[in-house]
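Student: Have a look; sequence and predicted model below, questions after that.
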Amino acid sequence: MKTNINLKTLIILFSIFLSASVFAQSDYEMVQSYKMRHQQIEETIKNASALVDLTSIESDIATLRRDFEAKKSILDKSLYPDDFETSLEKLSMTLELRKGDFTQIDVLQTEVVTLTGEVDRLNKQNTELINQIQTLEAQRNKDVQTIAKLEKLVSNLKASLLKRDELVYSMIDSLIPKLSGDISALTQQDKAKIYSEAEKNNVLLNVKKSIRDNNRFIEVTSLKPADLVDVKKKQQDFISLWQKVGPKLVDIYAGKADKTQELKDIDNLFSVWKSNLQKEAWNSIREEFALNNINLQTFTNGNEFTDVINRFINDEIKFYGTKSKVASEQTYFLFANSTWFKSISPEWIPYLIDNKLLTVEQKDKIEKQISEWKSTLYPPNLTWLYVLLAVIILATGGYFLMRRRGNKTPPVDVTKE
């Protein structure tokens, strides 16, 4: 009898244990099922390639809530540090953010289509202006009418380049709004979307075209210091924008060898643009002298500039007398009065010094040479010096003569005593 009671007790205990195990297993499976469905919805949101892909997800989140709300207390303990409500709120927030991404891209895409058409028009216009300017530059000294036309074309080109560059900036900003953050956080679908939009609107091509046209503008025009200041400012703004975007675009275009090379080409074009801007200052200075028939050797930096100028002046001083005095004086007048002191010193020297292309010491060295050259051509009249020396000699002689007479004492007449 006792044995039967013990057996019944064991059976009851085993049944209770088995029921508890089944119940615990059921809770575990329920939690895992919730996590799996939560993750599937999260992945669907991330992998969506268009706004339409997100339309059914709100109802999926609502269904998930309804199916598991009765197990809320168990899920609250199992989802630490989140709980049931927090995990669903995060899904809804992720969905809204993703919708915002597509809404923004759709709006910006409409803007970019308009920008692309305007950029294409300006690209053609700029090419035509550059060709016309290049033709007129060869005739710039021929007549006043040609010079006036050239100046108008250059002004139009500057305005057109500026407008086109601003559109390219807007195009870049519009196409890649998400590149301001961590690029590694973008999914492959995100990257593919950005790549597709960039290719459709020829972003890389337009950036290259913009830099090339700015290089051509420098090459075919003779710019003043104020123009170069404007170009440098625009260049720095463009480079600053590209430095924020370019390295991240490398990741977007990874695996596409031809496009990766295009990105390298753009970096090289920026380097050429910076180099050309420096060269333009020296070329424009050399042209200033050439306009007054002072033909100097090429120079590309402050040291070369100083050496070329001083060598020219030294040759004029050294060979003074081998040509007529009138010709020598005419060369000095064209160099010093018509060029150096008229435009180079007041306009270009401050620009060169401010941009660390020339030192104050180099400038002083050149002007000292110019002063020596002038002294050679126009030696000072020394007549006044000779007169002054004669006056000094006469005055000194008179002074000593007077002292000598004053020192002679009259003899004493002793007979009177």
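Tutor: Cool, got the structure.
Student: Run through the residues that contact Asp82.
Tutor: Listed by Cβ atoms under 8 Å, 6 or more residues apart in numbering, the contact set of Asp82 reads Lys90. Just so you know, the C-beta spots here come from the backbone N, C-alpha and C atoms, and that holds for glycine as well.
Student: so it, which of the three states?
Tutor: Here Asp82 is coil, with the state taken from DSSP: H, G, I helix; E, B strand; the rest coil.
Student: Over to Lys35?
Tutor: With three-state DSSP as the basis, the three-state label of Lys35 is helix.
Student: Look up how far Thr44 lies from it.
Tutor: As defined by Cβ to Cβ, to the nearest Å, Lys35 lies at a distance of 15 Å from Thr44.
Student: ok, now how distant is Glu304 from Asp258?
Tutor: Look at Glu304 and Asp258: by Cβ to Cβ, they are 40 Å apart.
Student: okay, those two: which has more neighbours?
Tutor: Glu304 (13 against 7; other Cβ atoms under 10 Å).
Student: What helices and strands are in contact with the host helix or strand of that one?
Tutor: Assigned by DSSP states H and E, Glu304 belongs to helix 302-318. Helices and strands touching helix 302-318, by 3 or more Cβ pairs under 8 Å, 6 or more residues apart in numbering; DSSP states H and E, are helix 325-332, helix 360-377.
Student: Can you list the buried residues in the last one?
Tutor: Right, the one you point to is helix 360-377. By 16 or more other Cβ atoms under 10 Å, the buried positions in helix 360-377 come out as 362-363, 366-367, 369-370, 373, 376-377.
Student: can you redo the helices and strands packed on helix 302-318 as JSON lines with distance to Ile313?
Tutor: Below are those laid out as JSON lines (distance: least, Cβ to Cβ, whole Å):
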{"stretch": "helix 325-332", "distance to Ile313": "9"}
{"stretch": "helix 360-377", "distance to Ile313": "5"}
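Student: Please parse the protein into its domains.
Tutor: Segmentation of the chain into domains, based on automatic domain parsing, reads 2-81, 108-270, 292-377.
Student: What's the local residue count around the residue nearest to Arg37 when sequence neighbours are not counted?
Tutor: Of all residues not flanking Arg37 in the chain, Leu64 sits nearest, at 5.6 Å (Cβ to Cβ, 6 or more residues apart in numbering). Around Leu64 there are 18 other residues, counting by other Cβ under 10 Å.
Student: quick one: Leu64 from Lys244, how far?
Tutor: Separation of Leu64 from Lys244 (Cβ to Cβ): 40 Å.
Student: Next: Lys163.
Tutor: Separation of Lys163 from Lys244 (Cβ to Cβ): 22 Å.
Student: Kindly report the same for Leu157.
Tutor: 28 Å.
Student: One more: Glu287?
Tutor: The value you get for Glu287 to Lys244, if Cβ to Cβ is used, is 37 Å.
Student: what do you get for Asp213?
Tutor: According to Cβ to Cβ, Asp213 stands 22 Å off from Lys244.
Student: about what we covered before: what about Leu157 and Lys244, which has more around it?
Tutor: Leu157 (22 against 14).
Student: now that one, nearest residue through space, not along the chain?
Tutor: Distance criterion Cβ to Cβ, 6+ apart; nearest residue to Leu157, sequence neighbours excluded, is Leu129 at 4.3 Å.
Student: Wait, that neighbour touches Lys158, no?
Tutor: No - checked against Cβ atoms under 8 Å, the pair Leu129 and Lys158 is beyond contact range at 9.5 Å.
Student: for the domains of the chain, which one sits closest to Glu96?
Tutor: If you check each of the domains of the chain against Glu96 by Cβ to Cβ, domain 2-81 wins as the nearest, at 9.6 Å.
Student: measure Ala62 to Ile218 for me?
Tutor: Counting by Cβ to Cβ, the gap from Ala62 to Ile218 is 62 Å.
Student: ditto for Lys200
Tutor: Separation of Lys200 from Ile218 (Cβ to Cβ) stands at 31 Å.
Student: which one of the two has more residues nearby?
Tutor: Ile218 (22 against 13).
Student: give the contact list for that one.
Tutor: When the contact criterion is Cβ under 8 Å, 6+ apart, the partners of Ile218 are 231, 273, 276-277, 280.
Student: So which bits of the one helix or strand Leu161 maps to are buried?
Tutor: Using DSSP H and E, Leu161 sits within helix 144-175. Within helix 144-175, the residues that count as buried by 16+ other Cβ under 10 Å are 149-150, 153-154, 157-158, 160-161, 164-165, 167-175.
Student: immediately after that helix, which helix or strand?
Tutor: For helix 144-175, the succeeding helix or strand toward the C-terminus, using DSSP H and E, is helix 188-200.
Student: tell me the angle of the helix or strand following that next one relative to helix 144-175?
Tutor: Note on helix 188-200: by DSSP H and E, the next helix or strand toward the C-terminus is helix 203-220. Going by axes from the mean of the first three to the mean of the last three Cα atoms, to 10 degrees, helix 203-220 is angled at 160 degrees with respect to helix 144-175.
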